[in-house]
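Asker: take a look and give me a structure for this.
(one chain, ligands or ions: 1)
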Amino acid sequence: TIYDKYKDTFERFGIAKSGNKGVFDGEWKGSGPIIKSVNPVNNEVIAEVISGNVNDLNVALDKVNEAQKIWRDLPVPKRGEVLLSMRQALVDNLEPLGKVVALEMGKILPEGIGEIQEYVDILEYALGLSRMMKGSMIPSERPGHVMLETWNPLGTVGVISAFNFPVAVYGWNSAIALVTGNGVLWKPSPTTPLVSIAVTRLLEKTLHEHKLPTSLCSLVTGGTDVGSSLAADARAHVLSFTGSTKVGRQVGQVVQGRFGKSILELGGNNAIIVMEDCDLDLAARAILFAAVGTAGQRCTTTRRLIVHENIYDTLIERLIKAYGQVKIGDPLEEGVLCGPLHTQAAVSVYEETLKKVQEQGGKILFGGETLGGNFVKPTLTRVNKDMNIIKEEAFVPILHTMTFKTLDEAIAINNNVAQGLSSSIFTKNPETIFKWIGPAGSDCGIINVNIPTNGAEIGGAFGGEKATGGGRESGSDSWKQYCRRGTCTINYSGALPLAQGINFG
Ligand code: NAD
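Answerer: A predicted model of the protein is given here:
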C-alpha cells in the first residue's frame, strides 16, 4: 500500500495507517467522524483520521485563549526566538513534509517542498518583524500632549484553509499571527488532514521545548460543521478564510454579523496579456508554468490568455508544442510536471467546462481529454471574450485564449470578471507598464509585468480585490490585519486644553 511504501515518512510525524487523532488542543484527541486521506494518483486511502466535532472546537478555542494570555506577555523579540525554532523544525523536515503534501494533495514533489520552503521564508520574515513592528508618534495639536499608535494582538486567529496549499496558507497566517502575539486555531481542508497533523506535531514539539503552552497552535480537522462553527464563534477574533468565493461569501457575512475581523482569500480568474512588443520566448515559458503548474490548481493559475492579434498564431503554435512536451504522471516521479487533479469531482468540472466552451461557440486547440483516474490533459481553448464560461473559475488546467487589438481593450478584458486576484502583462514598453500598474490599469491585487500570475514571494502583501475577498496576507504591512490598533493621547501638561479649541464651561 501507499502507506507502507512511505511508512518511514509517515512514522516520522507519528502518523499511523488508522486511528490518527485529528484534534490537538494541548492533547491529541478527536470525537468527530473518521475522514480518509486519499492519494489522488490512484484514489487509494493513505490513512484514516478521527476528525474533530463542534464540541472539540469549543474546548480548543478556550485552550488557545488560555495559552495566548501567556504568549502575549512575551517580549516580541522573544516570540521571534520561538519562531526561529519553528523554522529549524521545518528545515529539518523539508523533504519529508513536502512528500506528505505531494502524496496527499497530488502536486509534484518540487512544488510540495516549495510549499514548506514558503513557510520557512515567512517565519524568517516574521522573525525580522519581531524587531521591527513599530507604532508611530503623531503630532498633537494640544500643548503638553503626545499621541501614539499602538498595535496589540487581537487574541485568537482562526485559520480555515483550502486543499491546494495545505501548508503554505497556514504558514503565512500562523507566522504573522504568532509574531503579533495571537494564538492560532487551524481548520484545514478535510482532504488534507495528514500534513496538518504533521505540521502541528512539529509546532507542538517546538512550543514544548520553549516551555510554552502547546495549545497556542491548536488544530481541529473536520468538515463544514467545524468550519461554519469557527466562523460564527466570537472567540475567533480574526477569521482568516482561504477557499472558494462561494463559501467565502457566506463566511464573510457570518463573521461580519458578529463584528469579527475576517481576512478573505477567495477564488481568482487570472489573465496574462501578451503585447506585440514582448519577448515571446519568455512569455511562452511563463504561460506554461502559470497555466499547467500544480495541474491548474493554484488560486493564481492563469485561466485567460489575452494575446495581441498580430502574434496570436505564433504564440499558440509555440504553446501547443510546449504543452505536447509536458510529462503527466505520478507527482513523485522525476521529470513529471503535471500531476493528477485532487479529486474525481474536479475531473467532472474539467469535462463540464469544456462542454460549455463548445456549446458557447469556443474551440479546443489542444488537450481536452481525460486520461483515466484523476488525470486530465492540460488544455488550450479558443474563445470569444464575452463568453460566460470564461467568467467563472474552473479549478483545472484549462487556459482560454482570445485576441485583442488595443491596450485599452486588453485591460478591459482583464478587468471584466468578478474576481480580482492576479494579472500579468508581457511587454517591453515603459508606457504600457506604467498604464498597467496605474489607476486605469489592472484592478487586481497582484499586478505583474513579464512574470507569470502565480509564484508570489512572501515579502509582498498577497490577496485580491472584488470577489477574491479583499484580504491581504503574508508580507508588507499585512501584519496589521492581525492586530488591534490603539490611538492613545497622553496629557502631561497638567491643564486640560480640548481638541478643536473647544471651551467647555
Ligand atoms: P472550499 O471553499 O471548498 O473549502 C475551503 C475550506 O472551507 C475548507 O477547509 C472547507 O472545509 C471549509 N468550509 C466549507 N464550507 C464551509 C462553511 N460553510 N463555513 C466555513 N468553512 C467551510 O475551497 P477548496 O476547494 O478547498 O479550495 C479551492 C478554492 O480556494 C479555489 O477557489 C481557490 O481559488 C481558492 N484559493 C484561494 C487562495 C487565495 O489566496 N486567494 C489560495 C488558495 C486557494
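Asker: let me see the ranges of the helices in the stretch 301-450 of the chain.
Answerer: 312-324, 344-359, 407-415, 430-436 (DSSP state H, counting those that start in this stretch).
Asker: winner for burial among these?
Answerer: Highest mean neighbour count of the helices of the stretch 301-450 of the chain: helix 407-415, a mean of 19 (counted as mean count of other CB atoms under 10 Å). (Glycine included, C-beta is placed from N, CA and C.)
Asker: any residues touching that helix, and which ones?
Answerer: 271, 273, 275, 304, 306, 308, 385, 402, 404, 423, 425, 432, 435-436, 440-444 (CB atoms under 8 Å, 6 or more residues apart in numbering).
Asker: save the helices of the stretch 301-450 of the chain as TSV, and put in mean pLDDT and distance to Gly501 too.
Answerer: Below are these laid out as TSV (pLDDT from 0 to 100; distance: least, CB to CB, whole Å):
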stretch	mean pLDDT	distance to Gly501
helix 312-324	98	66
helix 344-359	98	64
helix 407-415	98	47
helix 430-436	98	45
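Asker: near the ligand, which residues of this protein show up?
Answerer: 160-165, 187, 189-190, 223-224, 227-228, 231, 242-244, 247, 250-251, 265-268, 299, 393, 395, 421, 468 (CB under 6 Å from any ligand atom).
Asker: which of the contacts of helix 407-415 count as buried?
Answerer: 271, 273, 275, 304, 306, 308, 385, 402, 404, 423, 425, 432, 435-436, 441-444 (16 or more other CB atoms under 10 Å).
Asker: give me the distance between the most centrally placed residue in the chain and Ile263.
Answerer: In the chain, the residue lying closest to the centroid (CA atoms, centre = their mean) is Val169, at 4.3 Å. Going from Val169 to Ile263 by CB to CB, to the nearest Å gives 11 Å.
Asker: need the overlap of contacts for these two.
Answerer: Glu473.
Asker: list the buried residues of the lengthiest helix in the chain.
Answerer: The residue-count maximum for a helix in the chain (DSSP state H) belongs to helix 109-129. Using 16+ other CB under 10 Å as the test for burial, helix 109-129 gives 109, 111-123, 125-127, 129.
Asker: who touches stretch 11-21?
Answerer: In contact with stretch 11-21 (CB under 8 Å, 6+ apart) are residues 1, 3, 10, 28-30, 47-50, 93, 96-97, 100, 193-194, 197-198, 201-202.
Asker: try it again with 7 Å
Answerer: 3, 28-30, 47-50, 96, 194, 197-198, 201 (CB atoms under 7 Å, 6 or more residues apart in numbering).
Asker: take these and keep only those in strands.
Answerer: Judged by DSSP state E, strands contain the following of the contacts of stretch 11-21: 28-29, 47-50.
Asker: which of those lies closest to the ligand?
Answerer: Val49 (13.7 Å; CB to the nearest ligand atom).
Asker: could you point out which element follows the longest helix of the chain?
Answerer: Using DSSP states H and E, the next helix or strand after helix 109-129 towards the C-terminus is strand 137-138.
Asker: so which elements touch that next one?
Answerer: strand 145-153 (3 or more CB pairs under 7 Å, 6 or more residues apart in numbering; DSSP states H and E).
Asker: parallel or antiparallel, which strands does the strand it packs on pair with?
Answerer: strand 137-138 (antiparallel), strand 483-491 (antiparallel) (DSSP bridges).
Asker: most neighbours per residue, which of those strands?
Answerer: Note that of those, strand 483-491 is the most buried (mean count of other CB under 10 Å), with a mean of 13.
Asker: for it, output the C-alpha coordinates as CSV.
Answerer: Extracted in CSV, the C-alpha atoms of strand 483-491 (Å, rounded to 0.1, in the frame of the first residue of the first chain):
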residue,chain,number,x,y,z
CYS,A,483,-3.7,43.5,15.5
ARG,A,484,-6.0,45.9,17.2
ARG,A,485,-4.9,49.5,16.6
GLY,A,486,-4.9,51.8,19.5
THR,A,487,-4.8,55.6,19.3
CYS,A,488,-3.5,56.9,22.6
THR,A,489,-3.5,60.5,23.6
ILE,A,490,-1.4,61.2,26.7
ASN,A,491,-1.7,64.5,28.5
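Asker: quick one: it to chain centroid distance?
Answerer: Distance of strand 483-491 from its chain centroid, counting by CA atoms, centre = their mean, to the nearest Å, is 31 Å.
Asker: isn't Leu129 up against Leu178?
Answerer: No - contact between Leu129 and Leu178 fails when scored by CB atoms under 7 Å: they sit 10.4 Å apart.
Asker: ok so, going back, in a markdown table: the helices of the stretch 301-450 of the chain, plus distance to Gly460.
Answerer: Putting the helices of the stretch 301-450 of the chain into a markdown table (distance: least, CB to CB, whole Å) gives the following:
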| stretch | distance to Gly460 |
| --- | --- |
| helix 312-324 | 28 |
| helix 344-359 | 29 |
| helix 407-415 | 20 |
| helix 430-436 | 17 |
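Asker: which of those helices sits closest to Gly183?
Answerer: In terms of CB to CB, the element of these nearest to Gly183 is helix 344-359, at 33.9 Å.
Asker: gap between the closest one and the chain center?
Answerer: 25 Å.
Asker: helices and strands around that helix, which ones?
Answerer: By 3+ CB pairs under 7 Å, 6+ apart, helix 344-359 packs against strand 398-404.
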